[in-house]
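Q: sequence? don't have it. structure:
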């Protein structure tokens, strides 16, 4: 009896792992294998979140990684669906949701940057649609996208002070008139 | 150019400001145009006049309240928006929703697509200078809106699709009412088609105007009917079927040249497809059954983690990126609004065309400013 009890948590763990894998669609499962084989850039970590594969790269290598993901025929990520910035109060996370029309697979590309010096290389040369998303990220979170070249205010009025997307922005106290 | 006389006749580019209070900009949208005579040399879109900080407000509201904020993003296709957020939360909480709820959701979303395209049809006619289409478009839209009212209790801000299913059971005559309405809709789509599509004036105003090819369209992040008009078959309902879209059979209308007329005619074709989908769903819809998943608390607390849900909105690919820290309020909500991305391509489409055509091109993108500015 005792032995069985000891075994059961392990079995459960294995079971949950299996169900997690099955949540991936076949195209993403193939992508996961492909990513495991290839060394895209150094210091890359691959994880899984529900039905998405998450690829985290250091901020210096984001451009290189994006370039490779777009150019190589195996990945062929030709479409940037969404670029979002998340404020984790100690650091910022920049999340790229990308999609390949050819292979019909999706990927979540992630990078982090520090709170004190938020600079990330722009991916506008790789995916043109990043333009407004990066401008929004700069405006609301103060992330400087290096190499963008036109980080003008987009949503807020000219002369607005502070970064309203950040958690530290006093939201409920804010009033315009 | 070389002689003194012609030098005096050199032209200067003039800056023209269009909007934010301009009837043809479909809301509070401002464009700054530089024109050389009648030709547009440069265009700069200015957005943000309707920025309400919906994403930021979401961080201080509990999950069921956020659904109401999503109603107000794209105010012409509210149910599709609610659906996107609910799917994101359900994905994170691993909720399996009852089939009946899924079917009703899909029916309402497709109806919403028709009503949104009907308004597009009307405003497209207005942009071209025709007054009649908006009357026809609005008539059909009202019909659908009345149906929504009988189901959800509201004409626009429904708050009907909720986390785990539907807010309440659809009313008794749901199927009957729908079966009576659909043939009328079908007939009027044909009517609208005959009225405007091949009209000679309309053709000359929209054919070969604002052309964007497939490669550029993808590059600029166009989605939805605008992308499909450029000949690229991309639809979330096909590529990554959410809900139960893999159970229904429908066609994907594809354009050839990617001009204004293509973008218009694809939406007309999509309305027909939507009606086809609803007919199939009516066959599949069970008469009785649960419409809400059991065991969902009034204030749900999704586990720590993140999810990304994609939905095919009438305007394109609507994505919701949801980050949860395990609390009763979302940690971060990011909306990938289709109109926001579509609008980036406006400059590419418009430069080189006439000022009057910019109005048509903008109309054919079918933007909703509530979604662009969020």
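A: Happy to help now that I have it. No experiment lies behind these values; they were computed from the predicted model shown.
Q: Contact residues of the stretch 1-150 of chain B facing chain A?
A: Within the stretch 1-150 of chain B, the positions adjacent to chain A are B:47, B:48, B:51, B:53, B:55, B:56, B:59, B:60, B:91, B:92 by Cβ under 8 Å from any Cβ of the partner chain. (Each C-beta comes from the backbone N, C-alpha and C, glycine too.)
Q: What about these, which are in strands?
A: Among those, DSSP state E puts none in strands.
Q: wait, which of those residues is closest to residue B:352?
A: For the residues of the stretch 1-150 of chain B next to chain A, the closest approach to residue B:352 (Cβ to Cβ) belongs to residue B:47, at 22.4 Å.
Q: quick one, what contacts residue A:105?
A: By Cβ atoms under 8 Å, 6 or more residues apart in numbering or on different chains, residue A:105 lies in contact with A:25, A:27, A:28, A:30, A:31, A:99.
Q: swap the cut-off to 6 Å and go again
A: Residue A:105 is in contact with A:27, A:28, A:31, counting by Cβ atoms under 6 Å, 6 or more residues apart in numbering or on different chains.
Q: And the buried ones among the residues of the stretch 1-150 of chain B next to chain A, selectable in ChimeraX?
A: Provided next is the ChimeraX selection string for whichever of the residues of the stretch 1-150 of chain B next to chain A are buried by 16 or more other Cβ atoms under 10 Å in any protein chain shown:
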select /B:47,48,51,53,55,56,59,91,92
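Q: Kindly present the residues of the stretch 1-150 of chain B next to chain A as a markdown table, with separate columns for pLDDT.
A: Below are those laid out as a markdown table (pLDDT from 0 to 100):
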| residue | pLDDT |
| --- | --- |
| B:47 | 88 |
| B:48 | 85 |
| B:51 | 87 |
| B:53 | 84 |
| B:55 | 88 |
| B:56 | 87 |
| B:59 | 88 |
| B:60 | 86 |
| B:91 | 88 |
| B:92 | 88 |
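Q: will you turn the residues of the stretch 1-150 of chain B next to chain A into a markdown table that also has distance to residue A:65?
A: Below are those laid out as a markdown table (distance: Cβ to Cβ, whole Å):
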| residue | distance to residue A:65 |
| --- | --- |
| B:47 | 30 |
| B:48 | 31 |
| B:51 | 32 |
| B:53 | 32 |
| B:55 | 26 |
| B:56 | 30 |
| B:59 | 29 |
| B:60 | 34 |
| B:91 | 26 |
| B:92 | 26 |
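Q: and residue 28, what does it touch?
A: In the absence of a named chain, this looks at chain A. Residues in contact with residue A:28 (Cβ under 6 Å, 6+ apart) are A:53, A:105.
Q: Chain B is the one I meant
A: Going by Cβ under 6 Å, 6+ apart, residue B:28 touches B:20, B:49, B:50, B:369.
Q: Looking at these, state which has the most neighbours.
A: Within the contacts of residue B:28, most neighbours by other Cβ atoms under 10 Å in any protein chain shown means residue B:369, with 23 neighbours.
Q: That one and residue B:27 touch, don't they?
A: Yes. Counting by Cβ atoms under 6 Å, residue B:369 touches residue B:27, with 3.4 Å between them.
Q: Return the nearest residue of chain A with respect to chain B.
A: At 2.8 Å from chain B, residue A:129 is the closest residue in chain A, using Cβ to the nearest Cβ.
Q: Now that residue, what are its backbone angles?
A: Torsion angles at residue A:129 (phi, psi; degrees, to the nearest 10) stand at phi -70, psi -10.
Q: Excluding covalently adjacent residues, which one is nearest to it?
A: In space, and not counting its chain neighbours, residue A:129 is closest to residue B:221: 2.8 Å by Cβ to Cβ, 6 or more residues apart in numbering or on different chains.
Q: I'd assumed residue A:127 was in contact with that neighbour.
A: No. Counting by Cβ under 6 Å, residue B:221 stays clear of residue A:127, with 7.7 Å between them.
Q: neighbour count winner among these two?
A: More neighbours surround residue B:221 than the other of residue B:221 and residue A:127, with 29 against 23 (other Cβ under 10 Å).
Q: Which secondary structure element is home to that one?
A: For residue B:221, there is no helix or strand it lies in under DSSP states H and E.
Q: can you give me the mean pLDDT across stretch B:22-34?
A: For stretch B:22-34, mean pLDDT rounds to 81.
Q: Regarding it, how distant is the last residue from the first?
A: For stretch B:22-34, the first-to-last residue distance is 17 Å (Cα to Cα, to the nearest Å).
Q: buried ones in it?
A: Of the residues in stretch B:22-34, B:24, B:25, B:26, B:27, B:28, B:29, B:30, B:31, B:33 count as buried by neighbour count, 16+ other Cβ under 10 Å.
Q: Next up, phi/psi of the closest residue in space to residue B:24 that isn't next to it in sequence, please.
A: Leaving aside its sequence neighbours, residue B:24 sits nearest to residue B:359 (Cβ to Cβ, 6+ apart; 4.4 Å). With angles defined as degrees, to the nearest 10, residue B:359 sits at phi -60, psi -40.
Q: my read: residue B:359 touches residue B:129, true?
A: No. Between residue B:359 and residue B:129 there is no contact under Cβ under 6 Å: 9.6 Å.
Q: Between these two, tell me which one has more neighbours.
A: residue B:359 (23 against 12).
Q: give me every residue that touches residue A:27.
A: A:104, A:105.
Q: quick one: buried residues of the helix or strand harbouring it?
A: According to DSSP H and E, residue A:27 maps onto helix A:26-37. Under the neighbour-count criterion of 16+ other Cβ under 10 Å, helix A:26-37 has A:28, A:31, A:32, A:35 buried.
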